[in-house]
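Engineer: Got a predicted model here, sequence first, then my questions.
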Amino acid sequence: MPLRAAAGVVGLESVASGVAGLAFLAAALVGKPADRPTAVTLGVLLLVLGAGLGAVARGLLRSRPAAQTPAYLAQFFTLVIAYYQRHTLVAVTVVLALVAVVALAALSAPETRAALRRDRS
């Protein structure tokens, strides 16, 4: 169950990243951003991140041990972003921190660790 929860949270992060990437691309192409190349680059980067997180979520659902480290790294970077947004976007900070803590708790659960452990003997 915790492994599915972790995969679900990472999957939601994947969807959120993809939606944000599409929004940045749409705003860059339709709107008038201050720096269009940067907005397009950020949009593409968020789409790539979303695809990567989707692959990680799929790996967690399939109990692939290789998916564990990228999942932890994604939560680490989520906490870094939350920390640096704490003065400007308080609501975003709270949501990001909660998502990261829930994912870390699910990834660190004994059941998850056992499911992702492979005996090499």
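Structural biologist: In hand now; what should we look at? Numbering: from 1, shown residues only.

Engineer: Name the next helix or strand following the lengthiest helix in the chain along the chain.
Structural biologist: Scanning the chain for the helix with the most residues, using DSSP state H, yields helix 2-30. Next in sequence after helix 2-30, counting helices and strands by DSSP states H and E, comes helix 36-61.

Engineer: Number of residues surrounding the closest residue to Val15 other than its chain neighbours?
Structural biologist: Spatially, and ignoring its direct neighbours in sequence, Val15 is nearest to Gly50 (7.1 Å; CB to CB, 6 or more residues apart in numbering). Bear in mind the C-beta positions are built from the backbone N, C-alpha and C, glycine included. For Gly50, the neighbour count with other CB atoms under 10 Å is 20.

Engineer: Same check on Thr112?
Structural biologist: 23.

Engineer: What strand or helix carries it?
Structural biologist: helix 110-116.

Engineer: What residues sit buried inside that helix?
Structural biologist: Neighbour-count burial for helix 110-116, counted by 16 or more other CB atoms under 10 Å, picks out Thr112, Ala115, Leu116.
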